[in-house]
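>>> following is a predicted model, sequence given first.
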Amino acid sequence: MANSFDNCGICKLRYISKQSVIWCSDCEEELCQECSEHHSLSKASQNHNGFPINEYQTFPSFIGNIKLHCDDHNEKYLLFCKEHNECVCRKCVITEKHGESKESLMVPIEDVIKNSKISAAFTEILSSFQELNDNLCLILGDRQKNISSLLDSKNTQFRDISGSTADKLSPR
């Protein structure tokens with residue numbers, strides 16, 4: 001994953017400077033709008049996972065540190081092994097370590113990415129609800145103080161009026 005987003009990687013190779021708008025996680029490349037359209041139409045790359053740059057930048061920071069290629073086999077990770085909690089390439093799947101893992105424990109990386117996006121959105125919504133709840137609790141507390149203050153004021157005024165009326169009605 002790239003850390004900074006400036007110009008389209010393909011356009012840079014052509015000595016053209018265009019703002020990138022999409023990050024292709026499969027190619028590990030920044031793309032401008034025009035190159036992104038070509039990229040999504042090409043047979044070789046039409047199934048790639050592209051994310052809008054602004055959305056990609058909202059992902060948790062640890063995602064930027066995730067390796068996309070297997071150190072042992074120098075191949076791209078394709079699956080995530082739930083049993084060992086790690087990414088695996090096609091060669092890792094047949095190794096002794098992962099060969100015994102149940103097929104149901106191997107999840108495509110794309111599914112993990114989608115679930116991560118859903119999880120990030122859920123966390124953001126949960127945070128918004130918590131903030132809303134905190135604000136509502138503050139408002140409720142303020143309203144209760146206002147009611148208490150108004151009741152105190154009413155009682156004070158009632159006593160003042162009662163005392164004043166009693167003074168005026170009592171014989172001297």
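Alright, I've got the coordinates. All values reported here derive from a predicted model rather than from experimental measurement.

>>> every contact and neighbour count from this point should use C-alpha atoms.
Noted.

>>> so what's Glu34 scoring on pLDDT?
For Glu34, the pLDDT comes out at 96.

>>> who touches the strand or helix carrying it?
For Glu34, the host element (DSSP states H and E) is helix 33-41. Outside helix 33-41, the residues that touch it by Cα atoms under 8 Å, 6 or more residues apart in numbering are Cys8, Ile10, Cys11, Ser20, Val21, Ile22, Ser45, Gln46, Asn47, His48.

>>> list the contacts of the nearest residue to Gln19 once chain neighbours are set aside.
Nearest residue to Gln19, sequence neighbours excluded (Cα to Cα, 6 or more residues apart in numbering): Asn7, at 4.5 Å. Residues counted as contacts of Asn7 (Cα under 8 Å, 6+ apart) are Ser17, Lys18, Gln19, Ser20, Glu30, Leu31, Cys32.

>>> wait, which of those is closest to Ile118?
Closest to Ile118 out of these is Glu30 (22.6 Å), distances taken as Cα to Cα.

>>> Glu55 versus the residue positioned nearest the centre of the chain, what's the distance?
Closest to where the C-alpha atoms of the chain average out (Cα atoms, centre = their mean) is Ala120, at 3.0 Å. Using Cα to Cα, to the nearest Å, Ala120 is found at 11 Å from Glu55.
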